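# return a 3D structure for these sequence lines:
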Amino acid sequence: MNFNAVVTGASKGIGFSVAKRLAEAGFSLFIVGRDNVRLLDAKSQLLLAGAPEVLTFAGDLSQSDVAKRCTAKICETWSSLTVLVNNAGVFLPGTMMGEEEGQFETLMTTNMNSAYHITKGLWPLLKLSHRSHVFNMCSIASITAYAAGGSYSVSKFAMLGFSKSLRLEGMPHDIRVTAILPGATLTDSWAGVDLPSTRFIKPEDVANALYSAFLINENTVMEEVLLRPILGDI
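Purely as a prediction, here's the structure:
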């Protein structure tokens, strides 16, 4: 069976680990990120990992016109789509009432709006696949607000709501929708924090959990996958 996947925010961190896991399973990939140099490096690694094909698109998906150009390119390339992983996102700390002007809009457009526009643009391809699955990268912050990450939490609450609504819209088309809610994961967002690596989830663990959710029976869907460090939240 020839499977393919689109992974946003795929040049590093969780996104790259997810793309690598799918490459190892033989998926053809379309990876998206802001930095073309990082994307090309990721492409080389994913081909070595087993992906039969890796295509790239460099752009800022928080801008709706860029997201639409991205989906147009994918639709020109592929006639159906098996997996969409909405992973593009950013973490900016701060309280809602104390953050810099524009931070709320940056977090919402990057973490939420990008997923909306990418999914809407690729929905026709997902409907044409016999085993389509959308994964939305949410967060523990989707269910428990961060005191020092107010607007980030709002954006992730919105992402979980998007997943729940999309799940309903996907039912008539046999499109499965899963929200992935990882706790503290060892990525660049935690750079400089004085904690041992063992205190964090590994990006590969998130990738393995996502792939496990894809593998279960086609008549079943894991609606939410909640992951935490074994010692709890940070």
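
# any low-confidence regions in the protein?
Counting by pLDDT under 70, the chain contains low-confidence ranges at 1, 190-192.

# that one: helices as residue ranges?
Along the chain, the segments classed as helices by DSSP state H run 13-24, 36-49, 64-77, 103-108, 114-127, 150-170, 203-215.

# which of the ones you listed sits most buried?
helix 13-24 (a mean of 25; mean count of other CB atoms under 10 Å). Placement of C-beta: from N, CA and C, glycine included.

# which helices and strands sit right next to that one?
strand 4-8, strand 28-33, helix 36-49, strand 83-86, strand 133-137, helix 203-215 (3 or more CB pairs under 8 Å, 6 or more residues apart in numbering; DSSP states H and E).

# ok, back up a step: mind putting the helices of the chain into JSON lines with distance to residue 83?
Converted to JSON lines, these look like this (distance: least, CB to CB, whole Å):
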{"stretch": "helix 13-24", "distance to residue 83": "7"}
{"stretch": "helix 36-49", "distance to residue 83": "14"}
{"stretch": "helix 64-77", "distance to residue 83": "12"}
{"stretch": "helix 103-108", "distance to residue 83": "25"}
{"stretch": "helix 114-127", "distance to residue 83": "9"}
{"stretch": "helix 150-170", "distance to residue 83": "13"}
{"stretch": "helix 203-215", "distance to residue 83": "7"}
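
# ok, back up a step: distance to residue 143 added to the helices and strands packed on helix 13-24, as CSV?
Below are those laid out as CSV (distance: least, CB to CB, whole Å):
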stretch, distance to residue 143
strand 4-8, 22
strand 28-33, 27
helix 36-49, 30
strand 83-86, 18
strand 133-137, 14
helix 203-215, 16
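
# which one, of those, ends up nearest to residue 98?
For residue 98, the closest of the helices and strands packed on helix 13-24 is strand 133-137, at 26.5 Å, according to CB to CB.

# how near is the residue nearest the centre of the chain to residue 96?
Centroid-nearest residue in the chain, with CA atoms, centre = their mean: residue 87, separated by 1.8 Å. Residue 87 is 24 Å from residue 96, where distance means CB to CB, to the nearest Å.
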